[in-house]
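**Q** no FASTA, just this:
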């Protein structure tokens, strides 16, 4: 009997705690934002990406040409494997390996440069984004701003991502 009373008391306390927690949650002004999407939608980010794409066009074009050259070598090897000498097969394999090595080097260069540009962009924009988010938090009376990727569902009216982008674009 005493054990039942203790369990009932614990359940009542737990229920009261859950109910009071839901009341607090209902009173909190909570919104979400996708900070990465907000940043990438800014004019500054779009210009940086456009500039980077122009800068890396030669390397990407060369990568595509290498990919096609390797495909030609592979197709020829498969088609003519039965009539090729061992020396020809080894030569074709060396050609393909050389092309793939060049491709990997170019891909690494492209990736490094992309990371550099992204780092520079973040270094320049993060302080501005933090200021904009703080400004929006104060203006909107938000108690909590949650990163959108951490939320299962949100009413679109509670998403301030676009507002962040607009303020960042206006701040220039």
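**A** Everything's here; your move. A quick note: this is a predicted structure, and the numbers were derived from the prediction, not measured.
**Q** C-alpha only now, for contacts and for neighbours.
**A** Fine.
**Q** what's downstream of the strand or helix carrying residue 111, the next helix or strand?
**A** Element membership for residue 111 (DSSP states H and E) is helix 86-140. Once the chain leaves helix 86-140, the next helix or strand it forms, by DSSP H and E, is strand 144-147.
**Q** for that following strand, which positions count as buried?
**A** Within strand 144-147, the residues that qualify as buried are residue 145, counting by 16 or more other C-alpha atoms under 10 Å.
**Q** touching it from outside, list them.
**A** Outside strand 144-147, the residues that touch it by C-alpha atoms under 8 Å, 6 or more residues apart in numbering are 28-35, 137.
**Q** and those residues, which are buried?
**A** For the contacts of strand 144-147, a neighbour count by 16+ other C-alpha under 10 Å gives the buried set as 30-35, 137.
**Q** got any ranges where this structure has weak pLDDT?
**A** Under the criterion pLDDT under 70, the flagged ranges of the chain are 1-26, 172.
**Q** that older thread, using TSV, lay out the buried ones among the contacts of strand 144-147 together with secondary structure.
**A** TSV is the format used below for the buried ones among the contacts of strand 144-147 (DSSP: H, G, I helix; E, B strand; the rest coil):
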residue	secondary structure
30	strand
31	strand
32	strand
33	strand
34	coil
35	helix
137	helix
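**Q** hmm, back to that, just give me the closest of the contacts of strand 144-147 to residue 128.
**A** Comparing the contacts of strand 144-147 against residue 128 with C-alpha to C-alpha picks out residue 35 as the nearest, at 11.9 Å.
**Q** residues contacting that closest one?
**A** 147, 161.
**Q** what helix or strand is the residue most central in space within the chain on?
**A** By C-alpha atoms, centre = their mean, the mean C-alpha position of the chain lies nearest to residue 36, the distance being 6.7 Å. If you go by DSSP H and E, residue 36 is part of helix 35-40.
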